[in-house]
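A.B. asks: Any chance you could fold what I've pasted below:
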Amino acid sequence: MANSITQESYSWRNTEEFIEDKYPVDIRYNFNLDCKVTQNGFRPFLLKNYANRSLVNARLHFVATDINIPEPYKLKWKF
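C.D. replies: Numbering: from 1, shown residues only. Just a heads-up that it's a prediction; the model follows:
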């Protein structure tokens, strides 16, 4: 068992990407980000209202609102 753990630690690759390494980040402005969830057998709901619900084969639709960023702008996020 100890040998397999050691073996796995050597094969692990750090592939984490950070947004600030790829694009300039300006945090002076605000916006709200929410997520509408649709899932078979359930009515659509906003993710912020049901944080403890398990999601199985759910479709996520992200929506940015109340944006006070001067144009032109691009909103980017990863999940």
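A.B. asks: and the next element down the chain from the worst-scoring helix or strand of the chain on mean pLDDT?
C.D. replies: Lowest by mean pLDDT, DSSP states H and E among the helices and strands of the chain is helix 2-11, with a mean of 61. As assigned by DSSP states H and E, the chain's next helix or strand after helix 2-11 is helix 19-22.
A.B. asks: how about stretch 47-64: buried residues?
C.D. replies: In terms of neighbour count (16 or more other Cβ atoms under 10 Å), stretch 47-64 has its buried residues at L47. In short, each C-beta sits where N, CA and C put it, glycine included.
A.B. asks: Just checking the distance from it to the centre of its chain.
C.D. replies: Using Cα atoms, centre = their mean, to the nearest Å, the distance from the centre of stretch 47-64 to the centre of the chain it belongs to is 11 Å.
A.B. asks: Quick one: residues in contact with that stretch.
C.D. replies: With Cβ atoms under 8 Å, 6 or more residues apart in numbering as the test, stretch 47-64 has contacts from 31-40, 45, 75, 77.
A.B. asks: swap the cut-off to 10 Å and go again
C.D. replies: Contacts of stretch 47-64 from elsewhere in the structure, counted by Cβ atoms under 10 Å, 6 or more residues apart in numbering, are 31-42, 44-46, 75, 77, 79.
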